[in-house]
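1. the following block contains a protein sequence and its predicted model.
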Amino acid sequence: MSDTELKVETLIQYFENCGYKPDVVAGRKVFKFFKSTDAEINSLNNGVGLRDLSGSGIFELEGKDVLDFFHRISTNSLRDVQVNSVAQTIFTTEKGRIIDAAVIINFDDHQLLICSSAHESKIRSWIEKYIITDDVRVYNQAGKYALLEILGPQADSFMTLVCGNAINEVSLNKFKSLISEGVLFYAARLKDRNGKIKFWLWLNPVNAIRLVDYMLKYKGIFNFNIIGEDAYKGYRIMQGIPASPNEINDLYNPHEANLTDLVSFTKGCYIGQEVIVRLNTYDKVQKHLTGVSFSGPIEQTIDFNLYDDAGNEAGIVTSIVYSNKYGKTIGLAYVRNGYLQEETELIAKDVNGKIVKVIVESLPFH
């Protein structure tokens, strides 16, 4: 095992030492739950949760052309991103399909790029494909940092508990180095897809253990939990948040995924721009991501296609979860425009031919 792999394992080993048991999914250790899925969802909806994102794709970039290069090959305007700022963008194919959504963190003398673990190798290959004469150097640094996300309605207050009033000096889409209990880390204030405040913290993996341990021991009155994969999946579906690889992949474009806020329609050319602009100008987007609810029990591991009563294709379900809050199975789906009206009834058919009725729901679920 390499040093990088050992560093990635550091926080996972800490959770295991705390008595939490991971599952192995696609060769990676993941924690489906920590305390309980219901308790963790409750923290996300009413308190504050901590997600370990250290398994994300993390690249360090050096060279004087980095921001200009990303400005030219991705959807958002990045050339003038200020120092100590965070920006989001999408890498798209020549046909305007999504490769992945990514976050750019500007340290001035270098930048970090954070993408999904599912598309990590694809993103690196895509970037290196277009580096010709540009002064851009790419290094995989996935093991160098632990990446933590603090989210939920109590996130702001909880971060004040952790690091004092210094967190108030971190503006939206900015980051700053902070110290808590002798642990140095970087903190960024961000917004999720629905405008709710969250924080990203990145630091040395060994120090991350000290910080997480401190949060667990001194959480005070806060409804605080570490968040497992099952709880976050349920939460993001309820909130209508697309994720890689389910909703964010090269089958769809930013319009369909409701991600056009990460697209600049005023800057110059980028890869896929012609298609994306044409879809916007001529109103040619044929489907959008929306919510669906199932009328009966289903197997959550099976894929479903959507049809109308006449057997015409209406869409495809991309994520499914049973919600205790709603007492039924809900999901995210790409649905054709003619069926997007809320409470439209459709038929979901799985690969075995089993049929169940679904109802189109607006996002986020309410």
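-> Now that the structure is in, tell me what you want to look at.
2. C-alpha only now, for contacts and for neighbours.
-> Fine.
3. how much space between residue 92 and residue 115?
-> For residue 92, the distance to residue 115 (C-alpha to C-alpha, to the nearest Å) stands at 13 Å.
4. which one's more surrounded, these two?
-> Comparing residue 92 with residue 115 by neighbour count (other C-alpha atoms under 10 Å), the higher total belongs to residue 92, at 26 against 23.
5. can you pull the contacts of the closest residue to the more buried one other than its chain neighbours?
-> Leaving aside its sequence neighbours, residue 92 sits nearest to residue 98 (C-alpha to C-alpha, 6 or more residues apart in numbering; 4.5 Å). Residues counted as contacts of residue 98 (C-alpha atoms under 8 Å, 6 or more residues apart in numbering) are 90, 91, 92, 248, 249, 250, 251, 252, 253, 254.
6. among those residues, which one has the most neighbours?
-> residue 253 (28 neighbours).
7. helix, strand or coil for the residue nearest the centre of the chain?
-> For the chain, the residue sitting closest to the mean C-alpha position, by C-alpha atoms, centre = their mean, is residue 243 at 5.3 Å. Following DSSP: H, G, I helix; E, B strand; the rest coil, the label given to residue 243 is coil.
8. ok, the closest residue to residue 363 other than its chain neighbours - contacts?
-> With C-alpha to C-alpha, 6+ apart as the criterion, residue 363 has its nearest non-adjacent residue at 5.4 Å, and that residue is residue 240. Each residue near residue 240 by C-alpha under 8 Å, 6+ apart is listed here: 290, 291, 332, 363, 364, 365.
9. among the residues you listed, which ones are buried?
-> Buried members of the contacts of residue 240, scored by 16 or more other C-alpha atoms under 10 Å, are 290, 291, 332, 363, 365.
10. quick one: contacts of the host helix or strand of the second one?
-> Right, residue 291. In the assignment (DSSP states H and E), residue 291 maps to strand 287-294. Here strand 287-294 makes contact (C-alpha under 8 Å, 6+ apart) with 237, 240, 255-258, 315, 328-337, 340, 356-365.
11. tell me the helix or strand right after it.
-> Strand 287-294 is succeeded, C-terminally, by strand 304-307 (DSSP H and E).
12. so how far is that next one off the chain centroid?
-> Computed by C-alpha atoms, centre = their mean, to the nearest Å, the chain-centroid distance of strand 304-307 equals 25 Å.
13. within its sheet, name the partner strands of the next helix-or-strand element following it and how each one runs.
-> Once strand 304-307 ends, the next helix or strand along the chain (criterion: DSSP H and E) is strand 313-323. Sheet pairing of strand 313-323 (DSSP bridges) gives strand 304-307 (antiparallel), strand 328-336 (antiparallel).
14. where do the strands sit along the stretch 101-250 of the chain?
-> For the stretch 101-250 of the chain, the strands defined by DSSP state E, counting those that start in this stretch cover 111-115, 137-140, 146-151, 175-180, 183-191, 197-203, 224-226.
15. now these in CSV, with distance to residue 283?
-> CSV is the format used below for the strands of the stretch 101-250 of the chain (distance: least, C-alpha to C-alpha, whole Å):
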stretch, distance to residue 283
strand 111-115, 29
strand 137-140, 37
strand 146-151, 35
strand 175-180, 37
strand 183-191, 28
strand 197-203, 32
strand 224-226, 43
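16. and these as a markdown table, adding mean pLDDT?
-> Formatted as a markdown table, the strands of the stretch 101-250 of the chain follow (pLDDT from 0 to 100):
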| stretch | mean pLDDT |
| --- | --- |
| strand 111-115 | 98 |
| strand 137-140 | 96 |
| strand 146-151 | 97 |
| strand 175-180 | 97 |
| strand 183-191 | 98 |
| strand 197-203 | 98 |
| strand 224-226 | 98 |
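17. looking at these, which is closest to residue 276?
-> For the strands of the stretch 101-250 of the chain, the distance to residue 276 is smallest for strand 111-115, at 21.2 Å, taking C-alpha to C-alpha.
18. which ones are touching residue 280?
-> The contact partners of residue 280, by C-alpha under 8 Å, 6+ apart, come to residue 255.
19. residue 67 now?
-> By C-alpha under 8 Å, 6+ apart, the neighbours of residue 67 are 78, 79, 80, 81.
20. how about residue 284?
-> Taking C-alpha under 8 Å, 6+ apart as the test, what residue 284 contacts is residue 278.
21. quick one: common contacting residues for residue 92 and residue 115?
-> residue 100.
22. would you list every one of the helices in this protein?
-> Applying DSSP state H to the chain gives helices spanning 3-17, 37-46, 66-73, 120-130, 155-163, 205-217, 229-239, 273-281.
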